[in-house]
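> How does the following fold in three dimensions:
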Amino acid sequence: MRTIEQLAAFINDVAPRDVPGETLNAAQDCILDIVSAAVIGHSSKSAQAVRCVADKHYRNGASTLWFTRAGVATLGAAFSNSMAASAADIDDGHRLAVGHAGAAVVPAAIAIAEEVKAGPIKTLTAIVLGYEAAVRLAVGRNPEMHPSTASGRWCGFGVAAAGSRLRKFTLSETIQALLITEQHSPGLLSADLHGFGGSHVKEGIAWAVVTGLTALDLAAAGFKGYMDTLDQPRLYDGATIVKNLGKDFMIDGTFFKPYACCRWIHPAIDGFLAIIEKERLSADEISAIHVETFARAVALDNRVNPETAEAAQFSLPFVLGIAALFGRDHLLPLNTELLGNASVIDFGSKVTMLVDNQIDALFPVQTAARVIVEGVGGRGRWEHFVEHPLGDPANPLGRAGLQDKFCHLTSPFFSSQNQNEMLASISTFRDGGFRELIQVLGKPLHPIESTNNISPENISK
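The predicted model follows:
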């Protein structure tokens, strides 16, 4: 049996009762985290641009354009909501996949669930299967033929899986939806070569949603893909894709971000914060920061003076400058008002990065970093090694941490009542909270008060 047939059969046949309760809880956590990310990303230029396109091409439908009162076609809602969820780089990810599934799968599954009027358990099951398909495809790719690690290369595969399940596709239709998605997925080599920074395209997650949803319609209309794609050794290791299928669920390995920037620089942020908070170091007491980490992190854009929010998300020197001068709260979300800030740029120039071969050998199973901070005038030298950054399954945020993250990110837009409504609707999702969640998601955002205010007293002395 072909790999695609085994995977599609699993997607079609697994029963909700076969999904452990803890795994369904993980799906609820993913919904909470993606909603948090979408609130912050909603006002980004990229999300605004996508909503304009959705308004032009996908008006009038049964799916909710989050944080507006608009109902649009499924594709328009999923495309727009995915862009908002991925814009601020605070969305979840998976270590083995080397990227992000949730910002594609969760908005698409919810939009399709509205369209077909699916219940909460069916929606959660579809989300679980979406992560399953997406991560497995990513894990099975041949890196020589898939040099880009951009999530858009594979996350749309999960959209097709979730959509096939929710639309009750036949086995043949599910097979074709998956194949069509894989074969039409964006290449994104340019994004990879640019270190992912400086462009709204970034990892192409939102466009992968368009690809996956369009593939569903094409498959239903009789369009065919190449059947043997997943069994071509030059492209994929088919045995790896279906290994232990049904024994463990990939969504259980999801990581969640405590900082709104590329996950690959998080271990260095953790290490740096651990040092300066323990030693109570101010920015002007630090002469140099040396970061030893894996090659992919060093190859990111990492410019000291990024000009855009997207470039800042992939710059460890700039992020460490913000952390040193203004504190960790300005990383959740990343305070883009600090672009061009002379003090942050000056501090970032103290940061050097190099590849440690032992740390590099751990990638992608682990993303580790060693941080060395030198004091001014030789007053001290401090070192901290981070094996598992905060938010990894081995160092989890937990449900309480995700709720705190949600409240922190949404406080500029949601009243305490709205926050409690959202948290309650997600925590009761399995018991029928789907409608309540959609009602809250449909409420427009209204700024309550500005955050991340910068004043002299915020700067470390």
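> Might one say that residue 131 is in contact with residue 248?
No - at 11.8 Å, residue 131 does not count as touching residue 248 under the criterion of C-beta atoms under 8 Å. Backbone N, C-alpha and C define where each C-beta goes, glycine included.
> Mind checking which of those two has more residues around it?
More neighbours surround residue 131 than the other of residue 131 and residue 248, with 33 against 13 (other C-beta atoms under 10 Å).
> The more buried one: what's it in contact with?
27, 30, 94, 101-102, 105, 158, 249-251, 254 (C-beta atoms under 8 Å, 6 or more residues apart in numbering).
> For stretch 418-437, buried residues please.
For stretch 418-437, the neighbour count (16 or more other C-beta atoms under 10 Å) marks 418-419, 421-423, 425-426, 429-430, 433-434, 436-437 as buried.
> what's the model's confidence in that stretch, averaged?
The pLDDT scores in stretch 418-437 average 86.
> which outside residues touch that stretch?
Contacts for stretch 418-437 (C-beta under 8 Å, 6+ apart): 24, 28, 31-32, 35, 113, 119-121, 123-124, 403, 406-407, 410-411, 414, 439-440, 443.
> out of these, which are buried?
If we count by 16+ other C-beta under 10 Å, those have these buried: 24, 28, 31-32, 35, 113, 120-121, 123-124, 403, 406-407, 410, 414, 440, 443.
> In a strand, residue 287, correct?
Yes - per DSSP: H, G, I helix; E, B strand; the rest coil, residue 287 lies within a strand segment.
> And for residue 187, nearest residue in space, chain neighbours not counted?
Once flanking residues are discounted, residue 187 sits nearest to residue 148: 7.0 Å by C-beta to C-beta, 6 or more residues apart in numbering.
> now swap in residue 448 and tell me
Nearest non-adjacent residue to residue 448, counting by C-beta to C-beta, 6+ apart: residue 412, 5.8 Å away.
> Phi and psi next, for that neighbour.
Main-chain torsions, residue 412, degrees, to the nearest 10: phi -70, psi -10.
> hang on, the earlier thing: from the buried residues of stretch 418-437, pick the one nearest residue 55.
Residue 55 lies nearest to residue 437 out of the buried residues of stretch 418-437, by C-beta to C-beta, at 23.1 Å.
> Secondary structure element holding the closest one?
Element membership for residue 437, per DSSP states H and E: helix 434-441.
> And residue 422, by the same measure?
helix 416-427.
> what do you get for residue 209?
Counting by DSSP H and E, the element that carries residue 209 is helix 205-220.
> For that helix, enumerate the helices and strands it packs against.
Packed against helix 205-220 by the contact rule (3 or more C-beta pairs under 8 Å, 6 or more residues apart in numbering; DSSP states H and E) you find helix 74-87, helix 102-116, helix 155-166, helix 171-184.
> Using the three-state scheme, assign residue 201.
Secondary structure, three-state DSSP: residue 201 is coil.
> quick revisit: of the helices and strands packed on helix 205-220, which is nearest residue 316?
Using C-beta to C-beta, the nearest of the helices and strands packed on helix 205-220 to residue 316 is helix 74-87, at 19.9 Å.
> With only the CA atoms kept, save that closest one in PDB.
Output in PDB follows, covering the C-alpha atoms of helix 74-87 (Å, rounded to 0.1, in the frame of the first residue of the first chain):
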ATOM      1  CA  THR A  74     -14.300  29.700   4.100                       C
ATOM      2  CA  LEU A  75     -11.200  30.400   2.100                       C
ATOM      3  CA  GLY A  76     -11.300  34.100   2.900                       C
ATOM      4  CA  ALA A  77     -11.700  33.500   6.600                       C
ATOM      5  CA  ALA A  78      -9.000  30.900   6.900                       C
ATOM      6  CA  PHE A  79      -6.600  32.900   4.700                       C
ATOM      7  CA  SER A  80      -7.100  36.100   6.800                       C
ATOM      8  CA  ASN A  81      -7.200  34.500  10.200                       C
ATOM      9  CA  SER A  82      -4.000  32.500   9.400                       C
ATOM     10  CA  MET A  83      -2.200  35.600   8.300                       C
ATOM     11  CA  ALA A  84      -3.100  37.300  11.600                       C
ATOM     12  CA  ALA A  85      -2.100  34.200  13.600                       C
ATOM     13  CA  SER A  86       1.400  34.000  12.000                       C
ATOM     14  CA  ALA A  87       2.200  37.700  11.600                       C
END
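> quick check: angle from that helix to helix 155-166?
Helix 74-87 runs at 140 degrees relative to helix 155-166, counting by axes from the mean of the first three to the mean of the last three C-alpha atoms, to 10 degrees.
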